[in-house]
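Peer 1: sequence-free structure coming up:
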C-alpha cells in the first residue's frame, strides 16, 4: 500500500481542440448570398480568434483535416476556462457554423511537470524570471502555435495494469523514463514542435499531445521511434490520431470552393 | 470461496446528472419571439429547480460545459426517484427544451459508507442526532451544492481483475485504502468539495464523483495525486470526465446570446 | 481438454424487455387531437398487453425510466416467440408509437437451472405437479410480475478468462457458488423479487436479471453485497443497468403531461 | 517462433446476412397505394431471391427478428461475390426498401475445414464425387436453407491470448477440440441444423454460425452445453447474437399489418 | 529500461481510403435529370482521379463494397497530403456526392521498412537507382493499383502487451518474424498483391493492409495461413475488414441502376 509520489506540475493556458465536419450537402445547395455571408463570418471569427481579440493572451489556429472524422480542427489556447467556453458559443453564432457539426473535442490545459530537477526548481519558483530556463518553461505553458504546414494530435493515458503500471513505479524510475523519452524528441528539434496538455479531471484521456511539422513523415518517424521506448511500449495507451494542414482564415473561401 | 464483507452504507438523496447539447442551428434560425419564450421558460424551470419548489428537500444546479459532448449539465438532488424522474419530464415541456438534446446522464443516490468506525456508528444509529459527526455525515448525503465556479464529474468502478480485485480484498485492507485515499482529499479542504453518489443497480458505473472548485487546477492536482494512490492506481476504473462552469438561471439569456 | 458438465435447465415464457425514448419535441408540437388519440391508443395497447388479451398466458408491465437512455421500459412475458414478436409490431401500429423510438432491448426466456438437487428433480420430472417445489419452480419460469414501485434490469455474462473461467470450474464448485449466491438473495425475501432469464443463443449477454422492489436502496444493498461474493467478484461481467418506476396504463396521460 | 499448420479449407457459396429495421413511422403515415406497391415489390424481390432467379445456384431466406436491433434478416447464398453484391442493390430499388434501413450485415463464404482425415481427403479431391462423404461435404458448402421456424446467428473469433491462443496450439490438439465440439452438435441432429461460414479477410469476425431449429430452446441448450467445452470456454470469442422467425414472401403483407 | 531499435523506413505516396454509403432512398426519389447529372459528375470525378489529372503522380481506384458498412470505397494515392485532402473536397462538390455519406476512412502513407539488409541498403541510398532492388522497392512505395477483381482492406496494430509485446522484442527477432511472414505472402505471388501503408501519428491504427486478388478465396487462404504465424497469432491486433469489387467509372450508371 505504498502511495507513489506525483510530480509537481505547473499549468498555463486552457486548451480546446474542436473537431468539426462540413455539411457539404447543405453547402452545395446554399444560395451564393448565404455562402458569402458564411465565409465572411467564418473568416472574421477565425481571424479574431488568431488575433486573440477576445482575451488578454493566448493563441488559436485552424487546420484542414484528412479523413472522414473531421474536416476542420480549431485549436484555442486561452488563460481561463471562461475564455475558451465562450469562443465555442461565439463560433456557433456565425453563419458559417450552420455548415459544420462538432464531432469531437479535447479539453485540457498546458502542463509542464517536474520530473527533472530543473523543472522542479521552476515550478517551485526558485528560478529567475528572465533566465533561459524560465523562458523555456513559460514557452511550454504559454506557447506560440508554430507556423508549420502539418499538425498531428492524439490523446493518451499512462497504463495502470498489473505488469505495466506507470502509477506504481517509483518516482526516480518514472523520471528516468521521461528523460529518455525526451531525448528522442530533442533529436527532432527544428523539425517537430510539441505541446503537452494535461486533462486529468477534465477530459477522458490524461494528456493531449499536439505536434507540428512541415514534413509529416518527421512526425511518423518520431512517433515510431518513441513506440520502441519503454515509456511508450510498456506504459502508454493511445487514443485516436488526427492530422491536418494549416489554414489561414483567408484560405476559407478557397477551402469551401473545393 | 470466501465472501468478503460489504461495508454498511447509508443513502440520502437521489441524484440525476443530465447532460444536454444545444441545437445552435435551430437557435440561430428561431424568431426572436420564440427565443424569448424559450429563455423565459428555461430560466423559470432552472430557478424553480434550484429553489426546490417541486419537492420537500434537495438542491439543483446548472453548468455551462466545455467540449462537444455537452453544452449544459443540470444536477438534481431530491429525496425520491419520483421527484427526479418528474423533473426531467417537466423540463421537456418547456420551450427551451426544444433547443436541447439529452446526450448523457447518470442516475445515482448520495452515499456514505461505513469503512471507518465512526461511519459505522452513524449508519447503525449509535450517534446523537445533533453531534458534529451526525451533522457531517448528513451533509454528505443531503449536501448543499457549493457556489464554486467549476464542476468536474466522472463515474467510476472498482476493478474485479485477478491481480487487482477490490471485491476480493479483506475488509480491513479496503478500509485502510479508503482512509489513505481520504487523507489526500482532506489536504484539499477549502479548495475542492466532493459529493459521492452510489449507482450499483442503478446505472452503468458503480459510483459518481462530483467535485467543485473555484480553481480547476486544484481538481487536476488532487486527482493527479490520487492517481498514484493504490486505491486508484490499482483498483479504480474511470469513466468519462466532464467539466463545466456554474451558471445562474439569469445567465441563460447571455449564455444563449454567445 | 475436459468438457465441464452443463446444468440441466427448464425454460418457461419468452421475455422481451423493450426500451424506448419519447420524442418530446414532436409531442410538444403535436395538436391536442393527435395527442389524445396517441394517449388512447397507447393506454389501450398497454392495458391489453397487461391483460394478456393476445395470448394464452403471460404478463406485461410498463415502467417510467430514469436517465437519458430510455423513457419507457415495456416488459412482455409470453409462451412463444411469435407472441412477443407480434406485440412489438402491434405497438408500432398505435399512434403513440410515433412519439417513441426503440433504443435498446433484451430477448430471453425465463430459466431455472438444476445446480441444486431439488432443481434437477423438478427439471427431470420427478416431482409431483402440485407439490410446493413444483409450484415454486413454475413461479420462477411463469412468473407474475410483482406490483412493486421500482424495477432494476441488467444483463450479465459469466467470465471465461484464464484465472476466472466459470465454464472451466467443476460442476460441484459452480453449484456451491450458486447456492451461496442464492443465500444472499434469500435474505432479501419480501423486499426484492427477482426473475432470471436466459439468453444464450438469443441476445448478446448470457442472462438477464430483473429485480423488483418498493425501496430502490434494497436493490442497491443486495447487489452491493453480492458484488463481494466470488460468483460476482470473480466470475460475473455486467452489462448496462436500468431503473424505472411502475406505471399503470391509466398513468400515461399524466406521464406525457409532465 | 513456430508457425502452426493451418487446416486446409474448401469454400462454396458466398453468404450475405443483411439486417434491417422497418421505419414504422413512415409506414403508418404512408398512403394505402404506396403501401400496396411496397408490399408487392418486396414480396416479388423476396420470392425471386428465394427462387434464385438471379443466379445459377444458391438459396435465400427471410426472417422476422426479435429485439430492436433488426426487424428483418435476409440471408443470401450465391456462387459469386457479384451475385450477392447485386442483390443488395436490387433490393434497394424496390419501393419496400424505402421503409427499411440497413443496420448490420455479415459477409462470408460457406466453409468446410480439413481438421478430420475425411475432411482433408475431400478437400484434396481424393473422394468419389457420388460418395456419401462427398455429398455430405457438398451439403455443407452448398447448403439448402432448412424450413425451420427459428434462426439464430452469431459471428465468432478464436482467441489469440497468451493463455488461450488457438492459433498457437498444435494442429492435432485443435483437431481433437474440433472433433469433441462436433460431437455435441451431432447429439442435436434432427433438432438443430448449422451452417458455418468463414470471413477471414472479409468481415470483422472470423466465422459466422447460422443455426436453424423449430424449438428455439434446442439452440439455447446446444450452445449452453458447448460453452462448457474447452473449444468455447477457452478459445472462443462471440459477437452479437440474433434470432428470428422464418417468413414466407407471402407473409409480408400480414407482417407489415402488425 | 532498454529502448529497442526502430527499423528505418522509407515513405512514398500518401494514401486515403474513403468509405461511403449510398443514400438509396434519395436516389430512388430523385428526378431522372438529377440522376443523370449526378452520374455524369461522378463518372468524371472518378475518371479524372484514376487518370491522376490533379497531381504529378499517383493512382486511384473505385470499388463496390459488400456489406452495410459501405457501398463504395475510393482509394487515392498521391505525393502530398494537400493532393489527397483536396480530392475529398472536390468530390464533395459533385452532384453525385449528395447521394453518398462518408462512413469511414483511413489516412496513411505507403511504407517500406528496413528489417532486411536489402531494405536497409535501399533506404540508406546505397542501391543503384536502376537496379532490380530499387525498382522493386519503388514499386512498393509508388505502386500501381492492380486491375484485380477484388480488394480487401484492414488496418492493424502490433501488440504492446506484457506477454506479447512486439515493441519490446530485439530487432533481430522482429526481423526474423517479418521474414517468415513475408515467406507466406511470397507463396501467393501472382494471386494476391499487397500494399502496406503506415499510419503512426496519422490514423487510429498503425498500418493499413490493402490486398488485391481475382479470387477472393486466395485472400482468405493467405490470411488464414498468416494467422497461425507468430507475427500474427501473438503480435497482431486487427481492425475491421472490408471487401469490394473493382468498378470502372463507366460502370457507375449500371451500378446505380441496381
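Peer 2: Alright, I've got the coordinates. Given the structure is predicted, the values throughout are model-derived calculations rather than measurements.
Peer 1: what about the longest helix in chain A?
Peer 2: Identified as the longest helix of chain A according to DSSP state H is helix A:32-51.
Peer 1: so residue A:184 sits against residue A:231, correct?
Peer 2: No - applying Cβ atoms under 8 Å, one finds residue A:184 not in contact with residue A:231, separated by 9.6 Å. (Glycine included, C-beta is placed from N, CA and C.)
Peer 1: looking at these two, which one has more neighbours?
Peer 2: Per other Cβ atoms under 10 Å in any protein chain shown, whichever of residue A:184 and residue A:231 has more neighbours is residue A:231, with 21 against 18.
Peer 1: ok, the residue of the stretch 51-200 of chain A found nearest chain D - how many residues close by?
Peer 2: In the stretch 51-200 of chain A, the residue that lies nearest chain D is residue A:163 (11.1 Å; Cβ to the nearest Cβ). Other residues lying near residue A:163 total 11 when counted by other Cβ under 10 Å.
Peer 1: if I look at it, how far off is residue E:168?
Peer 2: 11 Å (Cβ to Cβ, to the nearest Å).
Peer 1: go on, residue A:44?
Peer 2: As judged by Cβ to Cβ, residue A:44 and residue E:168 stand 51 Å apart.
Peer 1: and if you look at residue A:73?
Peer 2: Residue A:73 is 33 Å from residue E:168, by Cβ to Cβ.
Peer 1: of these two, which one has the most company?
Peer 2: Comparing residue A:73 with residue E:168 by other Cβ under 10 Å, the one with more neighbours is residue A:73, at 25 against 16.
Peer 1: how about low-confidence regions in chain A?
Peer 2: A:1 (pLDDT under 70).
Peer 1: element containing the nearest residue to residue A:63 once chain neighbours are set aside?
Peer 2: Once flanking residues are discounted, residue A:63 sits nearest to residue A:244: 3.2 Å by Cβ to Cβ, 6 or more residues apart in numbering or on different chains. Using DSSP states H and E, residue A:244 sits within strand A:242-247.
Peer 1: could you list the buried residues of whichever helix or strand comes after that strand?
Peer 2: With elements assigned by DSSP H and E, the helix or strand that comes after strand A:242-247 is helix A:252-257. Neighbour counts over helix A:252-257 (16 or more other Cβ atoms under 10 Å in any protein chain shown) mark A:252, A:255-256 as buried.
Peer 1: so what's the residue count around residue A:136?
Peer 2: By the criterion of other Cβ under 10 Å, residue A:136 has 13 neighbours.
Peer 1: ok but it is inside a strand, no?
Peer 2: No - counting by DSSP: H, G, I helix; E, B strand; the rest coil, residue A:136 is not part of a strand but helix.
Peer 1: can you tell me how far it is from residue A:8?
Peer 2: 17 Å.
Peer 1: residues contacting the most centrally placed residue in chain A?
Peer 2: Note on chain A: the residue nearest the mean C-alpha position is residue A:210, at 3.9 Å, using Cα atoms, centre = their mean. Going by Cβ atoms under 8 Å, 6 or more residues apart in numbering or on different chains, residue A:210 touches A:15, A:17, A:75, A:151-153, A:194-195, A:197.
Peer 1: out of those, who's nearest residue B:37?
Peer 2: residue A:17 (35.5 Å; Cβ to Cβ).
Peer 1: please identify the residues of the stretch 101-250 of chain A in proximity to chain B?
Peer 2: With Cβ under 8 Å from any Cβ of the partner chain as the criterion, the stretch 101-250 of chain A meets chain B at residues A:102-107, A:109, A:160, A:162, A:165, A:167-168, A:198-204.
Peer 1: got a list of what the nearest residue to residue A:225 once chain neighbours are set aside touches?
Peer 2: Excluding the flanking residues, the one nearest residue A:225 by Cβ to Cβ, 6+ apart is residue E:6, at 4.7 Å. By Cβ under 8 Å, 6+ apart, the residues touching residue E:6 are A:224-225, A:227-228.
Peer 1: what secondary structure does residue E:6 sit in?
Peer 2: Under three-state DSSP, the three-state class of residue E:6 is coil.
Peer 1: that one and chain C: what is the separation?
Peer 2: Note on residue E:6: its distance to chain C, by Cβ to the nearest Cβ, to the nearest Å, is 32 Å.
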